[in-house]
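Asks: here is my input; please provide its structure:
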Amino acid sequence: MKTKYLTLALAPILALPLTQAADEKNPFVKKAPEKKELPPPGQAFVNVLEYFDVPADMLDQWMDAQPPSTDDKPLRAQILKWVAENQATLVQTTLSLGTENRTAQTSFTAEQIYPTSYDPSAPGTWAKPVSFQTRNAGFTTIAGITRVEDNVRLSSTFESVEKLIPSLNYGMLEKKTQQSTDVFLPKIWNCRLPEVPKDHDDPFADPDPDWLPIPLTPCFPGEVKLLFRTDKPISETETTRTARVVLTRGDIPESTHIPKSNLKSESFTISMRVVEIPQMTFSAWLDSNELTTACWSAEQAIPQWLESSTAKISDQLSARAQMNLDSGFSQTIEYIYPTEWMPAKSSNPDESSTESTPEQPSMGTSYETRNIGSTLNGKVEQDEAGVYFSGTIVKVEHLGDSVMRRIKSGDAWIPDVTFPLFASTELKGTFRLNTGHWTLIGTTGTYTEFGQINPDTCRLYLMKIE
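Replies: Here you go, the predicted structure:
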């Protein structure tokens with residue numbers, strides 16, 4: 001009887017979860033975060049960040065001789081003069097097209113894989129890397145508009161993370177036989193102007209991409225501001241100081257500057273195009289045009305650059321889409337690469353010998369896949385001011401391979417353990433477009449095959465709907 005009593009008493013309790021009402025919340029089910037509704041886009045803006053490397057002593061001497069000023073146009077003009085004289089370098093130009101009430105975000109990074117631990121190796125051979133991590137090096141910009149009473153200000157924050165060459169290496173044999181671009185422990189140089197979110201008490205908390213950056217140095221439309229200046233790290237072979245200078249400028253086009261156009265059909269073609277061009281050619285063109293119209297007039301200059309072989313189209317995608325509906329399309333190649341390696345073995349190992357012994361190449365034992373290519377995701381809408389696209393463009397490419405271990409083959413030390421070096425570009429924002437015409441929505445730099453910023457070339461990202 002006692003057993004039956006216990007069974008009857010527990011039965012309704014155990015049945016409770018099975019008879020729970022459908023509308024009751026289950027505390028054990030994780031609820032997906034609610035998607036934030038973006039505020040309506042306002043007027044368009046164009047923001048430009050320029051990164052320069054300038055001889056520090058020359059820069060300091062010039063700046064010390066200048067009177068106080070609220071506009072840094074004379075500084076920019078002087079730096080460009082030094083660039084023309086090959087005394088300074090324009091490292092990177094980031095142009096961002098955006099709209100009020102929303103941020104324009106541009107990220108351009110090289111994904112550097114590097115070893116974090118090694119196994120001992122036989123005499124005369126390199127140490128064997130056995131575990132790895134990834135560090136993103138590149139440039140990130142967030143730009144927006146803020147209003148203080150009736151004053152409209154352009155605002156921007158940035159972070160630059162750069163890999164210095166050569167990397168840290170503590171092996172005696174490796175130091176004697178390495179190439180300067182081989183990867184051991186990377187030396188990372190980080191410059192950052194942090195974003196301080198509105199109405200946020202903790203400036204060290206993770207930033208919310210929906211927050212607009214507060215302009216630490218207000219930049220009014222048409223002005224140039226010195227956003228950041230610091231000395232670059234000096235290598236063992238350098239004897240002179242170099243300053244990194246970041247200048248910001250921008251403008252807010254009037255409605256008459258933006259060609260107003262509407263889509264009459266609910267279905268249309270949306271396209272993206274990537275054009276590579278010498279950075280100084282683009283910089284000179286940008287200076288010869290008003291920022292208020294540059295994004296919508298760039299398509300007139302590009303055919304001339306293409307015809308003269310000054311520029312080239314490196315990527316283009318097109319697909320059908322519908323108004324007010326989320327759409328996305330992509331083209332990718334599946335790139336498979338080894339992530340774990342079986343250690344190389346000597347053909348005739350002799351631990352007591354100090355002489356180098358031939359090694360067999362290491363063999364990959366585990367693999368991963370990375371999709372390289374281009375992707376576009378977003379939505380096309382229109383308001384009283386015209387048509388606009390809200391979304392993201394992502395481009396992933398394989399730059400080359402990083403060498404992390406070498407073996408001796410004859411008189412040469414050849415690559416043994418390598419990892420691919422990927423670069424990823426992301427443009428995110430809201431862009432006002434001119435129907436039937438290409439609109440310049442942003443620019444980034446390019447990388448060398450070793451993941452170093454290439455100051456000679458920049459990329460233009462364009463969109464068109466028709």
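Asks: which of the residues in the longest helix belonging to the chain are buried?
Replies: Ranked by residue count and defined by DSSP state H, the top helix of the chain is helix 291-307. For helix 291-307, the neighbour count (16 or more other Cβ atoms under 10 Å) marks L291, T292, T293, A294, C295, W296, S297, A298, E299, A301, I302, W305 as buried. Heads up, the C-betas are built off the backbone N, CA and C, glycines and all.
Asks: for stretch 456-466, same thing?
Replies: Residues of stretch 456-466 classed as buried: T457, C458, R459, L460, Y461, L462, M463, K464, I465 (neighbour count, 16+ other Cβ under 10 Å).
Asks: just to revisit the earlier point, which helices and strands sit right next to the longest helix of the chain?
Replies: With contacts defined as 3 or more Cβ pairs under 8 Å, 6 or more residues apart in numbering; DSSP states H and E, the packing partners of helix 291-307 are strand 44-55, strand 89-99, strand 242-251, strand 267-278, helix 279-287, strand 439-447, strand 453-465.
Asks: quick one: strands adjacent to the longest one?
Replies: The reference is to strand 453-465. Here strand 453-465 is paired, per DSSP bridges, with strand 267-278 (antiparallel), strand 439-447 (antiparallel).
Asks: that one to strand 44-55, inter-axis angle?
Replies: Between strand 453-465 and strand 44-55, the angle comes out at 170 degrees (axes from the mean of the first three to the mean of the last three Cα atoms, to 10 degrees).
Asks: how far does strand 453-465 sit from the chain's center?
Replies: 12 Å (Cα atoms, centre = their mean, to the nearest Å).
Asks: dump it to PDB, restricted to CA.
Replies: Output in PDB follows, covering the C-alpha atoms of strand 453-465 (Å, rounded to 0.1, in the frame of the first residue of the first chain):
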ATOM      1  CA  ILE A 453      49.400  47.300 -45.800                       C
ATOM      2  CA  ASN A 454      50.100  48.300 -49.400                       C
ATOM      3  CA  PRO A 455      50.100  52.100 -49.600                       C
ATOM      4  CA  ASP A 456      50.200  52.100 -53.400                       C
ATOM      5  CA  THR A 457      46.700  50.800 -54.100                       C
ATOM      6  CA  CYS A 458      43.200  51.400 -52.700                       C
ATOM      7  CA  ARG A 459      39.900  49.800 -53.400                       C
ATOM      8  CA  LEU A 460      36.600  51.500 -54.300                       C
ATOM      9  CA  TYR A 461      33.300  49.800 -53.400                       C
ATOM     10  CA  LEU A 462      30.400  50.800 -55.600                       C
ATOM     11  CA  MET A 463      26.700  49.800 -55.700                       C
ATOM     12  CA  LYS A 464      23.900  50.200 -58.300                       C
ATOM     13  CA  ILE A 465      20.200  49.300 -58.500                       C
END
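Asks: correct me, but E381 touches T430?
Replies: No - E381 is not in contact with T430 according to Cβ atoms under 8 Å; the separation is 9.2 Å.
Asks: give me the common contacts of these two.
Replies: Shared contacts of E381 and T430 (Cβ atoms under 8 Å, 6 or more residues apart in numbering): Y388, S390.
Asks: the two - which one has more neighbours?
Replies: When E381 and T430 are compared for neighbours, T430 comes out ahead with 25 against 16, by other Cβ atoms under 10 Å.
Asks: which strands and helices sit next to the host helix or strand of the more buried one?
Replies: Applying DSSP states H and E as the criterion places T430 in strand 412-433. Helices and strands touching strand 412-433, by 3+ Cβ pairs under 8 Å, 6+ apart, are strand 89-99, strand 104-119, strand 128-148, strand 327-342, strand 363-383, strand 386-409, strand 439-447, strand 453-465.
Asks: what separation do you get for I258 and T435?
Replies: I258 is 12 Å from T435, where distance means Cβ to Cβ, to the nearest Å.
Asks: intersection of neighbour lists for those two?
Replies: By Cβ under 8 Å, 6+ apart, I258 and T435 have these common neighbours: G386.
Asks: so what's the residue nearest to F184 when sequence neighbours are not counted up against?
Replies: Nearest residue to F184, sequence neighbours excluded (Cβ to Cβ, 6 or more residues apart in numbering): N169, at 4.3 Å. Residues near N169 by Cβ under 8 Å, 6+ apart: K175, Q178, D182, F184, L185.
Asks: one more time with 10 Å
Replies: Applying Cβ atoms under 10 Å, 6 or more residues apart in numbering, one finds that N169 lies in contact with K175, Q178, D182, V183, F184, L185.
Asks: helix, strand or coil for the fourth one?
Replies: Read that as V183. Following DSSP: H, G, I helix; E, B strand; the rest coil, we place V183 in the coil state.
Asks: and it, what's its pLDDT?
Replies: V183 carries a pLDDT value of 93.
Asks: contacts only, for the residue positioned nearest the centre of the chain.
Replies: For the chain, the residue sitting closest to the mean C-alpha position, by Cα atoms, centre = their mean, is F108 at 1.8 Å. F108 makes contact with 92, 94, 138-141, 160, 395, 423-427, 442-447, 453, 459, according to Cβ under 10 Å, 6+ apart.
Asks: V387 versus that one, what's the distance?
Replies: Separation of F108 from V387 (Cβ to Cβ): 27 Å.
Asks: repeat for D326
Replies: Distance of D326 to V387, given as Cβ to Cβ: 16 Å.
Asks: what about these two, which has more around it?
Replies: Applying other Cβ under 10 Å to D326 and V387 shows that V387 carries more neighbours, namely 21 against 12.
Asks: could you check how many residues crowd around the closest residue to that one other than its chain neighbours?
Replies: Take V387 and drop its neighbours on the chain: the residue closest to it by Cβ to Cβ, 6+ apart is L433, 5.3 Å away. As a burial measure, L433 scores 28 neighbours (other Cβ under 10 Å).
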